[in-house]
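J.: Got a predicted structure plus its sequence, pasted below:
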Amino acid sequence: MENTIDALFFLPSWPLQADGILLAALTLVSAALAGEALFKFFRWPRIIGYSLVGMIAGALGFGVQAGALVRERSAFAIVFDMGMALLLFEVGGRVNLSWLRANPWLLATSIAEAVLTFVAVTVLIISLGYDATLATATAIIMVATSPAVVMRVTAEFKAQGQLSERLLLLAVLSTVYAVVAQGFLLGWLHHEYGHNLWAALLHPLYVFGGSALLAFVLAWAVAWFEPHIDLRDEHASLLVLGLLLLMIALLRAFEMSVLLTPLLAGMWLRHRAARPLVWPRHFGSVGGVLVLLLFVITGMSLSWSSVLGGGAVALVIVGVRSLAKISVLALLGPPSGLSMRQSFALGVALCPMSAVAFALTAQIAARYAEFGAALGAMVFSTIAILELLGPLAVKWSLRRSGEIQP
Amino acid sequence: MALESFARSRPFTLGVELELQVVGSHDYDLTPGAPDLLRVVAKKKLPGEVKPEIAASMIEISTGICTGYADALAQLQETRDVLVEAARKLGLGLCGGGAHPFQNWSEQRIFDAPRFHQLSEMYGYLSKQFAVFGQHVHIGCPDADGALQLLHTLSRYIPHFIALSAASPFVQATDTGFDSARLNSIQAFPFAGRAPFVSRWADFLVYFEKMTRTGVVEGMKDFYWDIRPKPEFGTIEVRVMDTPLTIEKAAQLAAYIQTVARWQIQEKTFVPEADDYLVYKFNRFQACRLGFEGIFVDPKTGEHRSLREDIIATLDAIESHAIELKTDAACQALREDATTKGNGATWIRTLHKQEKQLPEVVRQQCLRWQT
């Protein structure tokens, strides 16, 4: 007997050890299957499946705590940052700022929907008996429409048309507002938690200044390579991925905003020359995978107790937020050149929340764990609901407006 | 269904229709923006009309009845400006050119209207490949027999109109080698080509009656001929031109057709015969493929010369009529194209060589269209 075992020394010891790779693999396989199943049977956006499986994995205890995702340099954190940076850089590059000049109603719509969402949610949360700082922090996060969801759903169903373009534009602008406002909020928190007023003022300036500078450098680097390397070729997009990773490393080292820099870089790149910049979607298939992982990881990291705890309040927030966005669109959509039907559909399509909202929460949680936890309790539930409903709302709106073919 | 009687129209009045490309301002690919554009311009007062076409990424503008070149140009300008303004509001681009250089035909969307869905059902993928962009010019005719005479006379000049307007060298992101690749996609339709050689309206009615009885056509609009009579307007409609890159060029082409028509009706330098059509397809092909460099075979003498030579000879011959019709400036501009500047295809190819990227070429096409 002893001899037999010795002879089979190459066999692993029993029971087998389950490690991180196995769990990650199982999560990926289930996410892919869930996405495909929802798409095949219901023609639902696949990302709903990815988010759902991510949430289940999180509930089973494989999740990553929000604050840790920002502070630590785990594989999860790098993939999350990469997916996010890639997507924001891409979506930023699609935004045509000169359109805002040609049609001022667009900018008016964007500002009005952001302001009304912010005010409505703040008032709601204060009236529910929470303190003003928490209400403000929550409302800032509610302003942003997820560019990730909008980008994915329009790509997946090959949406084309006026609503799709405006949806991307409004999502990007609302994200910029939310990120900037959150920078100032963080400054305010420094003050509230006992740091001096200088820190409260200088921190956002440091973050914005530094992020803008890095964005400029990144955009400049891509613009410099662009005439020499054909970025429409998937092979060349490796370069873009490399530059983005480099940017993330620098941003992390200097503790700057992983959200703002890629967005600004994309926008600046698009704006600096009229020459169209066309590259493969998500810079090729690797980028595509990173973007999909973004949804899984976001799902995994929503703390399950917060999600369940949020319940009723979350539903009210979702309702008020959507109402704010829809009513602004109904009012300002028609003068901006949309039909009433399109305006309403666009208002509905503005509801998705996902990775950006989560990252905004995580950034606060990384610095102020206690406040972050309270904030998570307010917003995680909303994010969870809208991660699942948002893609459906976008698809429904675009389908109803004829921008997605049956 | 019987064909309506041929309306009377003032001779040599003209009308211009242009099919335009609607592109997105992000990647400059075709985009289904026509319904939005139509809604935004709906309340505007225009000298002509703005209408949908089979693909939602096409839009058609037309003038009313124009007295001449200056009138046509002014009307086109007014409509163009309103449409460009609307496009800007919607973040869209508009441009000329006979075909979009890199669109994927399978992604084209059919404009949501019963007639277009019917056509799409009937022709299948052809209808999506039909997302090509042409200029049509109507010439007023005093009577129906005269209209058919003029139709067959102008057939000799079809290669001129093709070479002067050609602006579709690229299709599906490839240089086709043709100056006008657009006409190749129209060729596939069952009723493309030329009208049958009948020179009296009574005979034409017999032909039309036979065709409708077979049930394969319902009306004149089912014939995609290079030139076709349009009885309700009292005109003949020349349909071979690519939409040029500017409205100035479109107006010049209309002026040229008008001048050639007047010259031939008044001087009748030759009498059209059925045998003239023996070289028709050859000449037409040469013009599509090689533009001004193409060979032109004279249908009467069988003599070969370059299309450039034949165009210049024609411009010389019509000079007095051009002065009479005030189209001499237009004819002079076309002469410069034929001798030195080249057509739209030349411009597109040169630009592509310099810029390397087709989206950038389309962007600059949009800029040219605006100004």
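T.: Everything's here; your move.
J.: For residue 164, give me its contacts.
T.: No chain specified, so I'll use chain A. For A:S164, the contacting residues are A:154, A:398, A:403, by CB atoms under 8 Å, 6 or more residues apart in numbering or on different chains. Quick note: C-beta positions are derived from backbone N, CA and C, even for glycine.
J.: wrong one, chain B
T.: Shown in contact with B:L164 (CB under 8 Å, 6+ apart): B:241, B:253, B:256, B:311, B:334, B:337-338, B:343.
J.: Under a three-state scheme, what state does it occupy?
T.: Look at B:L164: counting by DSSP: H, G, I helix; E, B strand; the rest coil, its state is helix.
J.: avg pLDDT for the one helix or strand A:A345 maps to?
T.: Assigned by DSSP states H and E, A:A345 falls within helix A:340-349. Regarding helix A:340-349, the rounded mean pLDDT is 97.
J.: So which of the contacts of A:S164 is the closest to B:F208?
T.: A:E403 (41.5 Å; CB to CB).
J.: Checking the closest one next. Helix, strand or coil?
T.: coil.
J.: Quick check: phi and psi at it.
T.: With angles defined as degrees, to the nearest 10, A:E403 sits at phi -90, psi -20.
J.: I figured it was touching A:L163, is that so?
T.: Yes: if you go by CB atoms under 8 Å, A:E403 and A:L163 touch, sitting 5.4 Å apart.
J.: Quick check: of the contacts of A:S164, which lies closest to chain B?
T.: Closest to chain B out of the contacts of A:S164 is A:E403 (7.9 Å), distances taken as CB to the nearest CB.
J.: Show the pLDDT at the closest one.
T.: 94.
J.: all strands for chain B, in order.
T.: With strands called from DSSP state E, chain B shows them at B:14-24, B:49-52, B:58-62, B:92-95, B:134-140, B:170-171, B:174-175, B:192-193, B:224-225, B:227-230, B:235-242, B:295-297, B:304-306.
J.: Which positions in the worst-scoring helix or strand of chain B on mean pLDDT come out as buried?
T.: When the helices and strands of chain B are scored by mean pLDDT, DSSP states H and E, helix B:125-129 comes last with a mean of 73. Neighbour counts over helix B:125-129 (16 or more other CB atoms under 10 Å in any protein chain shown) mark B:126-129 as buried.
J.: which other residues reach the host helix or strand of A:Y50?
T.: Assigned by DSSP H and E, A:Y50 falls within helix A:46-57. With contacts defined as CB under 8 Å, 6+ apart, helix A:46-57 is touched by A:23, A:27, A:30-39, A:63, A:149, A:152-153, A:156, A:292, A:295-302, A:304, A:307, A:354, A:384, A:387-388, A:391-392.
J.: Quick one: neighbours of B:Q354, just the number.
T.: 10 (other CB atoms under 10 Å in any protein chain shown).
J.: And the pLDDT at it?
T.: Looking at B:Q354, its pLDDT stands at 93.
J.: now the one 3 residues further on
T.: For B:Q357, the model assigns a pLDDT of 88.
J.: Against A:L231, how distant is it?
T.: Using CB to CB, to the nearest Å, B:Q357 is found at 10 Å from A:L231.
J.: Ok, A:F80 next?
T.: Taking CB to CB, one finds A:F80 at 24 Å from A:L231.
J.: Look at those two and report which has more neighbours.
T.: Using other CB under 10 Å, the more surrounded residue of A:F80 and A:L231 is A:F80, with 27 against 19.
J.: my read is that one is in a strand, agree?
T.: No: counting by three-state DSSP, A:F80 falls outside a strand, being helix.
J.: Pull the contacting residues for it.
T.: By CB under 8 Å, 6+ apart, the contact list for A:F80 reads A:69, A:293-294, A:297-298, A:355, A:359.
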